[in-house]
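Visitor: next input, structure requested:
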Amino acid sequence: MVKKMKLILMCFMCLIGMVGCQLQRDATPKLVYEELSKREEYLLNLTGSKVLIYNLDDLPNNKNYEIELVYEVYEDGKKIKEEPIIALINDHTSEKILTKTIALNIQEDKIRYLLGSENGYASGKYDLEEELSKYSMAWLPDDIELNLGTEVYLCHAHSGNSTASTVTLGIPIDTNQLNKALHNNQTNIFIKLSFKEI
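Guide: Below you'll find the predicted structure:
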């Protein structure tokens, strides 16, 4: 009787382990906002910088994908600039699912970035022609799910003086909202995150 109980218990533990592994493998990738302390926010605001830190959790290691940050500028409703800031491509070198981190330091005339994981990181800067301190800005302070094929805006700077003139950040890009923002503001600047299969 004791042997049967041990056998049943061992089978049950194996079943739980397999289900747990399957759930981990099928987990939906997430962009998780990492909030700074109030003191850090105050200090950065005094320097004219905005820092955004996001963790990319549960990224698939069994698919080829690219995560790209893109800088977009619209003037009078027309896109005049669309340039990559940095991109990450899954290279299948890791058996385990890594958490990646994206950190952005948005300054008046440049965006400094850091893209890292448990294995290392890359950093650099993207020089801006536009002076961002002249614009109203909104950024994504929430966690979101990221499905392959998703494009979302993380940041929106615009020449308007109302938050009603912005697009909703963190949801798949809505063409109607984008057109409304383009119509309401002479200048619109976006930082877009693209998560696509390659």
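Visitor: kindly tell me how buried residue 28 is, as a neighbour count.
Guide: The tally of other residues near residue 28 (other Cβ atoms under 10 Å) stands at 10. C-betas here are computed from N, CA, C, even on glycine.
Visitor: residue 70 contacts residue 85, correct?
Guide: Yes: here residue 70 lies in contact with residue 85, judged by Cβ atoms under 8 Å, at a distance of 6.6 Å.
Visitor: joint contacts of the two?
Guide: Overlap of the contact sets of residue 70 and residue 85 (by Cβ atoms under 8 Å, 6 or more residues apart in numbering) consists of residue 191.
Visitor: quick one: residue 59 is in a helix?
Guide: No: under DSSP: H, G, I helix; E, B strand; the rest coil, residue 59 falls outside any helix and is assigned coil.
Visitor: isn't it right next to residue 100, touching?
Guide: Yes: between residue 59 and residue 100 there is a contact under Cβ under 8 Å: 6.4 Å.
Visitor: just the strands from this structure, written as ranges.
Guide: Here the chain has its strands, by DSSP state E, at 30-33, 50-57, 65-75, 78-89, 100-106, 110-117, 120-127, 136-139, 144-145, 150-158, 187-197.
Visitor: can you redo the ones you listed as TSV with mean pLDDT, mean neighbour count and distance to residue 170?
Guide: Below are the strands of the chain laid out as TSV (pLDDT from 0 to 100; neighbours: other Cβ atoms under 10 Å; distance: least, Cβ to Cβ, whole Å):
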stretch	mean pLDDT	mean neighbour count	distance to residue 170
strand 30-33	94	18	8
strand 50-57	92	18	10
strand 65-75	93	18	14
strand 78-89	92	13	18
strand 100-106	92	20	14
strand 110-117	89	17	19
strand 120-127	89	11	21
strand 136-139	89	16	10
strand 144-145	93	15	5
strand 150-158	93	21	5
strand 187-197	93	19	9
